[in-house]
Every structure is written in C-alpha cells, then in structure tokens.
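structure of the sequence below:
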Amino acid sequence: MASERDDARDLGARWRTKLDVTAIVAVMALTISALSFYRSYIYTKQALDVTVTELSYVTNQGELYMTVAFSNGGNRDAALLRVEPALWSQIQGKPRPEWVALDDKVRPDIPIVAPRTPLVIRAGGVEVITLSTRLQPDDAERALVSAQNGVFLGIRVATMNSDGNLYLLEHPVARLVVDRRGRIHSAEPAIHQTLSGFRDLQGAPPGDMLQSNKKTPFVWADEHF
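This is a model prediction of the structure:
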C-alpha cells in the first residue's frame, strides 16, 4: 500500500511539473506575441541616417561625383523626396552666401541623381544614391568665400517620415583647397559624422570640425592646371 501511495505521489508530481512547464511556455508565447504586436502596431521608431561615403571632383574635366547612403533604422518607412549636390556660393543681390544646387548633367545619358527621387526607404533598409553633376573649376573658384578660406561642396536633402513631417538638411561635405593663385589644389573632408535625416539642419561651412574617423568620406580632387 505504501508503495502504491508513493507511486501516486510521484505521478502527481510529474503531472504538476508538466503543467508548470506548459504554463510557463504559454506565458512566454503570449508575452512574445504581445511584444511583437506592440512593436508592429503601437510602438513607432522614426530613424533615418544620412552618410556621405565618397566625393570625387575630376577638376579639369569639371565633373563632380558623390555617393550618399541612407539607412532606415526605424520600424516605419521613410520617404527621400530630394537629394542634390550643392555649392556654397555668394549669389549676387543676396547679403549672405547660401547652398546653391548644382543641376548641370555630366552627360545627357547620366542622371544627376540615381536612382531617381522621390523614393521610399523601407524600414530596416538601406539605399545608396549616386550624384553626378558638372562644375567647371573656374565657376567653383569664383565661389570662394574668403572668410572661410576655401570652396565648399555639400548636399541638400529633403525627407518625410511616416507621420508626414517634412525635413530639410543642408551640410558641407568637402572643402576644395585653393592655392595662392586662386586655383583648386586639392580637397579635404568637411564632415566626419552620420547625420539625421529627420532633422532640420542648415549647416554652413566649415563643417562639423571633428577628427577623422570611420564615418569620414573618401574625398579627393585634381589640381586645376
């Protein structure tokens, strides 16, 4: 009889253990499902990083090429409305220099922006944009702002988040070094960080003034003969 009672207690203990494990698994599954629902339908993270990876100015041919990576680290899609290369220039009749978009094609069959905008950057996705434009060295040298000791090239970016908010980003990318004759000698980076695509920023030269790091773009230019 004692043996039968012991067997019954052991069987009951095993069943209780199984029920406890089943309950724990059910609670974990419910928790994971709730977290997934929260992240998908309730929690919103808006994040778009803008990183300039390369700038090349073929000076004596007047060709400017730039590569910009857009990384969506949020859980909502983002819209890239416009991205364009720009020159920091003093426009006649205006009191201050400003970013002026460069819109001359290198060749008729090469678009200034590829792929074309506007485009959607999916949540968790990355888009790499190539900018190609013509900038004659004489025109660049005329844009020299003496107080800043160089000619500055930059980007202008217009974006929209999933809430419909619009943002405009303007920032220097590179400084064209000008020699004593007023001619382009070389180029150096004016940006050493990833920028937020969901922030209004009208950045004027000389740039962010940080030390060179892994987010500093590759930048170069030929000497103007």
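
what pLDDT does the closest residue to Arg122 other than its chain neighbours get?
Using C-beta to C-beta, 6 or more residues apart in numbering and skipping residues adjacent in sequence, the residue nearest Arg122 is Asp77, 5.5 Å away. (C-beta placed from N, C-alpha, C; glycine too.) The model reports Asp77 with a pLDDT of 97.

correct me, but Asp77 touches Ser162?
Yes - counting by C-beta atoms under 8 Å, Asp77 touches Ser162, with 5.9 Å between them.

centroid-nearest residue for this protein?
Val50 (1.1 Å; C-alpha atoms, centre = their mean).

next, it: phi, psi?
Per-residue torsions, Val50: phi -120, psi 120 (degrees, to the nearest 10).

which strand residues bridge Val157?
On the basis of DSSP bridges, Val157 is bridged to Val83, Leu169.

need the contact partners of stretch 176-191.
The contact list for stretch 176-191 (C-beta atoms under 8 Å, 6 or more residues apart in numbering) reads 52, 55, 57, 59, 137, 140-141, 144, 149-154, 171-175, 205-208, 212, 216-217, 219-224.

in strands only, show me those residues.
Counting by DSSP state E, those place 52, 55, 57, 151-154, 171-175, 219-221 in strands.

buried members of the residues you listed into PyMOL, please.
Burial among the ones in strands among the contacts of stretch 176-191 is assessed by 16 or more other C-beta atoms under 10 Å; the matching PyMOL selection reads:
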select buried, resi 52+55+57+151+152+153+154+171+172+173+174+175+219+221
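
mind listing what Met28 touches?
Taking C-beta under 8 Å, 6+ apart, we find Met28 in contact with no residue.

just to revisit the earlier point, gap between the residue nearest to the centre of the chain and Ala26?
45 Å (C-beta to C-beta, to the nearest Å).

cool, and Gly124?
Using C-beta to C-beta, we find Gly124 at a distance of 30 Å from Ala26.

do Leu195 as well
For Leu195, the distance to Ala26 - C-beta to C-beta - is 46 Å.

pLDDT on stretch 203-215, on average?
Mean pLDDT, taken over the full extent of stretch 203-215, equals 93.

what's next to it, contact-wise?
51, 88, 97, 145, 148, 150, 152, 154, 170-172, 175, 189-194.

with stretch 95-105 instead?
By C-beta under 8 Å, 6+ apart, stretch 95-105 touches 64, 84-91, 111-112, 132-135, 145, 154, 156, 170, 202, 204.

for stretch 60-70, same thing?
Identification of contacts with stretch 60-70 by C-beta under 8 Å, 6+ apart yields 48-58, 78, 80, 83, 85, 102, 106, 121, 126-137, 153, 155, 157, 173, 197, 222, 224-225.

all good on my end, thank you.
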